[in-house]
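Undergrad: Starting from these lines, generate the structure:
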Amino acid sequence: MRFLAIIVLLFGFSAAAIFESIVQKRQNRDMSKNWAVLVAGSANWGNYRHQADICHAYQILIRRGFHAEKIITMFYDDLFNNYSRIDVYKGVKIDYSGDIVAPAIFLLMMRGDQGLKQKGFKVLESTAEDNVFFNFVDHGANGLLGFPREKTLLASDLQDLVTEMSQMKRFKEFLIYIEACESGSLWEGYNLPDNVYATTAANSYESSYACFCDDPVIGMCMGDIYSVNWMNDTETHSTMNRTVEQQYEAVKQLTQKSHVTEFGDRKVASDDLEEFQGQTTCKEKNDETIAMLPPPDQLDSRKAHLARHYQVLRRSNDVIKRREAQHHITLDEMRNAHVEQVIEWIVEASMGKLDSVASAQMTEKVNVNKEFLDGRQYAKCYQSLVKQFTNCFTMNKVPMSAKQYFKFRNLCKFSSQLDQGPTQLEAIVAAACDF
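TA: Numbers count the residues shown, from 1 in each chain. Here you go, the predicted structure:
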């Protein structure tokens, strides 16, 4: 009996030693094989949350062993941190800021453009041995993502980039998180290559949502629900025994006002998070017993710029301040209604010869990619109409206008029946500026 006890004791010591060895080996994982690209595609105070999300993500990766030189950041950097509790901005190395935060520069950077590198900019130089994590946060519309100064990145250009990176063996595995309205439209109808997995904050037809919109210091929403949820999940779990799929399911459950959606290679989804987001360290206090709750004070992302005015209506007893806040909210509603009428005029001015079936389809919000599989020329037409429209009615000033952009896409689709090419359609859109 004593002999058996000794054997059991020795086995216990041996198992503990093996386990400790495995943990130590995983904790010493070579993070030089990991790249991360963090992009916020917006500017100005009303979009505070986008840059805050990216800075928060940067801090998480650094704490988890990422090499700073392997993290590429791109955001406008027109804000300053004045939040009295948690400073996520401090220490963030900004690689691209100001007006170079643009779709063309982003695509060059992701392709590892040597001309950009020679000018002193960091570019993605990942290889077939590297895992890449890409996190994008901004406004979006069906089939496109926003960038500062009303520039847009088409879904087709993003898809071409991912396809090219796969063909050029620019990654071992690629994880993509996108926070934007209608972000599911970026991937539907497109088969992501092997070893690529993406999740989005919303499906193809709905807004994403902002949160922490009741802070009296900032006066704006400080985060986005999907982004806050995935970062909270990472910070409250060990990435060594938490899979990408488990994070997706948790974020999906907690993001209750939009439909978090997944695309791509399920094999990547089964990987541990440490493969993309770094490793839990002894310095971090992960508490997996914490009950994850949806973040508070939620707003439609396209109304988040009104957060401070909603705060006044909730808190203030000052009649003048309340009247002023209500005025701003009413003015925004009037702008939204006006833009909707303008787009209706554009459609009516363009539709002359459409038959009844096509006329009905014009107002259908059918996914851009499913309709465009047989011709990328529609996508370029769509982008040109959006660009022309935002010369007059910017997404920044009238965020709700982006909900109507799908009608521009449909105009491009039916242009052959309209006897109107993209140039004629652009002229009609330009004429709408006089409204």
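Undergrad: just the strands in the protein please.
TA: For the chain, the strands defined by DSSP state E cover 34-40, 71-74, 131-137, 140-141, 144-147, 151-154, 173-179, 196-200, 209-211, 223-224, 261-264, 299-300.
Undergrad: could you redo the ones you listed as JSON lines and give each row mean neighbour count?
TA: Where you see a C-beta, it was placed from the backbone N, CA and C, and this is true even at glycine. Formatted as JSON lines, those follow (neighbours: other Cβ atoms under 10 Å):
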{"stretch": "strand 34-40", "mean neighbour count": "24"}
{"stretch": "strand 71-74", "mean neighbour count": "22"}
{"stretch": "strand 131-137", "mean neighbour count": "25"}
{"stretch": "strand 140-141", "mean neighbour count": "29"}
{"stretch": "strand 144-147", "mean neighbour count": "26"}
{"stretch": "strand 151-154", "mean neighbour count": "22"}
{"stretch": "strand 173-179", "mean neighbour count": "26"}
{"stretch": "strand 196-200", "mean neighbour count": "25"}
{"stretch": "strand 209-211", "mean neighbour count": "28"}
{"stretch": "strand 223-224", "mean neighbour count": "26"}
{"stretch": "strand 261-264", "mean neighbour count": "20"}
{"stretch": "strand 299-300", "mean neighbour count": "20"}
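Undergrad: Tabulate those strands (a markdown table), appending mean pLDDT and distance to residue 252.
TA: Converted to a markdown table, these look like this (pLDDT from 0 to 100; distance: least, Cβ to Cβ, whole Å):
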| stretch | mean pLDDT | distance to residue 252 |
| --- | --- | --- |
| strand 34-40 | 98 | 22 |
| strand 71-74 | 98 | 26 |
| strand 131-137 | 99 | 17 |
| strand 140-141 | 94 | 18 |
| strand 144-147 | 94 | 21 |
| strand 151-154 | 93 | 25 |
| strand 173-179 | 99 | 13 |
| strand 196-200 | 99 | 8 |
| strand 209-211 | 95 | 14 |
| strand 223-224 | 96 | 15 |
| strand 261-264 | 98 | 8 |
| strand 299-300 | 92 | 19 |
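Undergrad: can you tell which of the ones you listed is closest to residue 96?
TA: Smallest distance to residue 96 across those (Cβ to Cβ): 4.0 Å, for strand 71-74.
Undergrad: Quick check: which helices or strands does the closest one pack against?
TA: Here strand 71-74 touches strand 34-40, helix 48-63, helix 103-110, going by 3 or more Cβ pairs under 8 Å, 6 or more residues apart in numbering; DSSP states H and E.
Undergrad: could these be laid out in CSV, adding distance to residue 403?
TA: Shown next, in CSV, are the helices and strands packed on strand 71-74 (distance: least, Cβ to Cβ, whole Å):
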stretch, distance to residue 403
strand 34-40, 21
helix 48-63, 19
helix 103-110, 21
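Undergrad: buried residues in the longest helix seen in the chain?
TA: Using DSSP state H to assign secondary structure, the helix with the most residues in the chain is helix 319-350. Applying a neighbour-count criterion of 16 or more other Cβ atoms under 10 Å, one finds 322, 325, 332, 335-336, 339-340, 342-343, 346-347, 350 buried in helix 319-350.
Undergrad: What about residue 219, how many residues nearby?
TA: When neighbours are defined as other Cβ atoms under 10 Å, residue 219 has 17 of them.
Undergrad: Give me the phi and psi angles of it.
TA: In terms of degrees, to the nearest 10, the main-chain angles of residue 219 are phi 80, psi 0.
Undergrad: Leaving out the residues flanking it, which one is nearest to it?
TA: Leaving aside its chain neighbours, residue 219 sits nearest to residue 308 (4.0 Å; criterion: Cβ to Cβ, 6 or more residues apart in numbering).
Undergrad: Quick one, grab the pLDDT at the one you found.
TA: At residue 308, the pLDDT value in this model is 91.
Undergrad: Make residue 1 into 302 and carry on from there
TA: Shifting the count to begin at 302 puts that one at residue 609.
Undergrad: ok, how many other residues are close to it?
TA: With other Cβ under 10 Å as criterion, residue 609 counts 19.
Undergrad: quick one: residue 345 and residue 378 touch, right?
TA: No. Taking contacts as Cβ atoms under 8 Å, residue 345 lies outside contact range of residue 378: 11.7 Å.
Undergrad: Between these two, point out the one with more neighbours.
TA: Neighbours per residue (other Cβ under 10 Å) separate residue 345 from residue 378, with residue 378 holding more: 18 against 14.
Undergrad: which ones are touching the more buried one?
TA: The contact partners of residue 378, by Cβ atoms under 8 Å, 6 or more residues apart in numbering, come to 352, 395, 398-399.
Undergrad: let's go with 6 Å and repeat that
TA: 395, 398 (Cβ atoms under 6 Å, 6 or more residues apart in numbering).
Undergrad: The strands of the chain: which one's closest to residue 665?
TA: For residue 665, the closest of the strands of the chain is strand 441-442, at 15.7 Å, according to Cβ to Cβ.
Undergrad: what's the distance between the closest one and the middle of its chain?
TA: 10 Å (Cα atoms, centre = their mean, to the nearest Å).
Undergrad: Which other helices and strands does that strand contact?
TA: Contact partners of strand 441-442 among helices and strands, from 3 or more Cβ pairs under 6 Å, 6 or more residues apart in numbering; DSSP states H and E: none.
Undergrad: Walk me through which strands it pairs with, and which way each runs.
TA: In the sheet, strand 441-442 lines up against strand 445-448 (antiparallel) (DSSP bridges).
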